[in-house]
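what follows is a predicted protein model with its sequence.
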Amino acid sequence: MKNTYSWVLWLASSLLIILSTRNPFYLLILLINLFITGQQLAKRENHPLWALHNFRFLLTMLILSALINTLFTHTGRSVIFSLPENWLLIGGNITYESLVFGLINGFVIGGIYIAFNIINLALSIKQLTHLIPKAFRPIGMTATIALTFFPSIQQRAREIKEAQMIRGNPMKRISDWVPLFIPLLVTSLENAILLSASMTSRGFYRQQSESTMSDLPLISLILSAFMVFSGWILRMYDYPKLISILLYIAAATIIFLTLFLTGRRSQATQYHQEIWQKKDILASVLFIAAVLIWNLVKYYNLIPSLSYSPYPELPFPDIQPAYIFFLFVPLLPVLLQSDD
């Protein structure tokens, strides 16, 4: 699976499933599948410490989330110990229920972080910037320059530091680092001037006359934002849910058409077009089907075990084996991985 949009669908479906449940058993399965997928990609991209770094982040999130929720939420019947009531914010009972709920939130945060880390492994900077709509092509170019700027600056800083150390500068005190900044600044300005001249010579910037500019995209985006706001207000006053859903769908359609039609005016040549392989098509179809079925199941509340709350007394999470196969959606790229 190599296509950019297939990976975007993978990310959307994985995040949807992660954010839809608080069942610790389901979250644990999702995290295991995410680690397996990420580790396979890390081996391909030669990142041997990927799993260790992400496990450290997950462990940190679990500790911080559990600590914060335990200290500031004093709900639950299973009391571990109590802090004096006169202690600001943290005074009160420290309960097992608050501890478990904090751990669950840590699982969710860790799962989101690992999913985005997998996308960083699977897609290159070029593929990520191509996801920006053509209507925002200047923003995409700016993002590309910004993403490639920091690695080049780091490389140049290492070269200048090595040159200073060869000249006898130990680079231990703050004053020893002063000779590093001036050459680095000069080099950055020279590179910026060369880049701007190169982009101008290639016709990146073209002055447009006022007659060619149109206010229609701006009006369309304002109208779509008003429709989203109206749908939200109607839901607050207990209007039929279908009206809000139709307003959201209409707003999304207007935004999509606006970006699509505006992007068609942007003339840009793209070399090495991505090819949809059979595995990409199959994976995309499976991801879309998983999202649609999952939303239907959630809408009709066919998986009550997704909802889990440790309050007021710590219960054992329910498990419905018939729906566990949804939890293996993040593992699909490994099952469809290519040998090339």
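It's in. Please read these numbers as outputs of a predicted model, since none were measured by experiment.

what average pLDDT does stretch 40-53 get?
Averaging pLDDT along stretch 40-53 gives 90.

what's the answer for stretch 298-306, then?
Here the average pLDDT along stretch 298-306 is 84.

mind giving me the domain ranges of this protein?
In the domain annotation for the chain, the residue ranges read 4-128+274-335, 134-206, 214-269 (automatic domain parsing).

looking at these, which is buried most?
Of all the domains of the chain, domain 4-128+274-335 has the most neighbours on average by mean count of other CB atoms under 10 Å, namely a mean of 16. Every residue, glycine included, has its C-beta placed from N, CA and C.

distance between it and the chain's centre?
On the basis of CA atoms, centre = their mean, to the nearest Å, domain 4-128+274-335 sits 13 Å off its chain's mean C-alpha point.

what do you get for stretch 120-131?
Computed by CA atoms, centre = their mean, the separation of stretch 120-131 from the middle of its chain amounts to 12 Å.

endpoints of it, how far apart?
Distance across stretch 120-131, first residue to last, is 13 Å (CA to CA, to the nearest Å).

for the record, mean pLDDT for stretch 2-17?
92.

over to stretch 249-260?
Rounded mean pLDDT across stretch 249-260 is 89.

now that stretch - C-alpha only, PDB.
Only the C-alpha atoms of stretch 249-260 are listed here, as PDB (Å, rounded to 0.1, in the frame of the first residue of the first chain):
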ATOM      1  CA  ILE A 249     -23.600  17.700   4.400                       C
ATOM      2  CA  ALA A 250     -24.600  20.800   2.300                       C
ATOM      3  CA  ALA A 251     -21.700  22.800   3.900                       C
ATOM      4  CA  ALA A 252     -19.200  20.100   3.200                       C
ATOM      5  CA  THR A 253     -20.400  19.800  -0.400                       C
ATOM      6  CA  ILE A 254     -20.000  23.600  -0.900                       C
ATOM      7  CA  ILE A 255     -16.500  23.600   0.600                       C
ATOM      8  CA  PHE A 256     -15.500  20.700  -1.600                       C
ATOM      9  CA  LEU A 257     -16.800  22.300  -4.800                       C
ATOM     10  CA  THR A 258     -15.300  25.600  -3.900                       C
ATOM     11  CA  LEU A 259     -11.900  24.200  -3.400                       C
ATOM     12  CA  PHE A 260     -12.200  22.000  -6.500                       C
END
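
who touches it?
133-135, 217, 220-221, 223-225, 227-228, 231 (CB atoms under 8 Å, 6 or more residues apart in numbering).

also stretch 30-37?
Stretch 30-37 is contacted by residues 14, 17-18, 51, 54-55, 58, 107, 110-111, 114-115, 118, 327-328, 330-331, 333-334 when judged by CB under 8 Å, 6+ apart.

per-residue confidence averaged over it?
Mean predicted lDDT for stretch 30-37 stands at 95.

then residue 302 would be within a strand, right?
No: secondary structure of residue 302 (DSSP: H, G, I helix; E, B strand; the rest coil): coil, not part of a strand.

if I pick residue 94, what's in contact with it?
Neighbour list for residue 94: 70-71, 74, 79-83 [criterion: CB under 8 Å, 6+ apart].

now for the residues you listed, which pair is the farthest apart?
Using CB to CB, those span at most 14.1 Å, a distance reached by 71 and 79.

tell me which stretches of the stretch 1-150 of the chain form strands.
79-83, 92-95 (DSSP state E, counting those that start in this stretch).

the stretch 101-250 of the chain: helices as residue ranges?
Secondary structure of the stretch 101-250 of the chain by DSSP state H, counting those that start in this stretch: the helices cover 125-129, 137-166, 178-201, 216-236, 241-264.

distance of the spatially most central residue of the chain relative to residue 15?
The centroid of the chain falls nearest to residue 116 when counting by CA atoms, centre = their mean (4.6 Å). Relative to residue 15, residue 116 is positioned 9 Å away (CB to CB, to the nearest Å).

cool, and residue 233?
Residue 233 is 27 Å from residue 15, by CB to CB.

returning to what we had before: mean pLDDT lowest for which of the domains of the chain?
Lowest mean pLDDT of those: domain 134-206, a mean of 78.

so which of the helices of the stretch 101-250 of the chain comes closest to residue 25?
The closest of the helices of the stretch 101-250 of the chain to residue 25 is helix 241-264. By CB to CB, the value is 30.2 Å.

and the angle from the closest one to helix 216-236?
160 degrees (axes from the mean of the first three to the mean of the last three CA atoms, to 10 degrees).

related to what we said a few turns ago, make TSV out of the contacts of stretch 249-260 and add distance to residue 318.
Converted to TSV, the contacts of stretch 249-260 look like this (distance: CB to CB, whole Å):
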residue	distance to residue 318
133	42
134	47
135	46
217	49
220	46
221	44
223	44
224	40
225	40
227	38
228	35
231	33
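
determine which two of the residues you listed are furthest apart.
So for those, where distance means CB to CB, the most widely separated pair is 134 and 231, at 27.9 Å.

and of the strands of the stretch 1-150 of the chain, who's closest to residue 305?
Closest approach to residue 305 among the strands of the stretch 1-150 of the chain is made by strand 92-95 (23.0 Å; CB to CB).

export only the CA atoms of stretch 34-50, formatted as PDB.
Output of stretch 34-50 as PDB, limited to C-alpha atoms (Å, rounded to 0.1, in the frame of the first residue of the first chain):
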ATOM      1  CA  LEU A  34      -0.800   0.200  15.600                       C
ATOM      2  CA  PHE A  35       2.600  -0.900  17.000                       C
ATOM      3  CA  ILE A  36       2.700  -3.900  14.700                       C
ATOM      4  CA  THR A  37       1.900  -1.700  11.600                       C
ATOM      5  CA  GLY A  38       4.400   1.000  12.700                       C
ATOM      6  CA  GLN A  39       7.200  -1.500  13.400                       C
ATOM      7  CA  GLN A  40       6.800  -3.100   9.900                       C
ATOM      8  CA  LEU A  41       7.100   0.400   8.300                       C
ATOM      9  CA  ALA A  42      10.000   1.300  10.600                       C
ATOM     10  CA  LYS A  43      11.900  -1.800   9.400                       C
ATOM     11  CA  ARG A  44      11.300  -0.800   5.800                       C
ATOM     12  CA  GLU A  45      12.400   2.800   6.500                       C
ATOM     13  CA  ASN A  46      15.400   1.700   8.700                       C
ATOM     14  CA  HIS A  47      14.200   3.200  12.000                       C
ATOM     15  CA  PRO A  48      15.100   0.500  14.500                       C
ATOM     16  CA  LEU A  49      14.200   2.600  17.600                       C
ATOM     17  CA  TRP A  50      10.800   3.600  16.400                       C
END
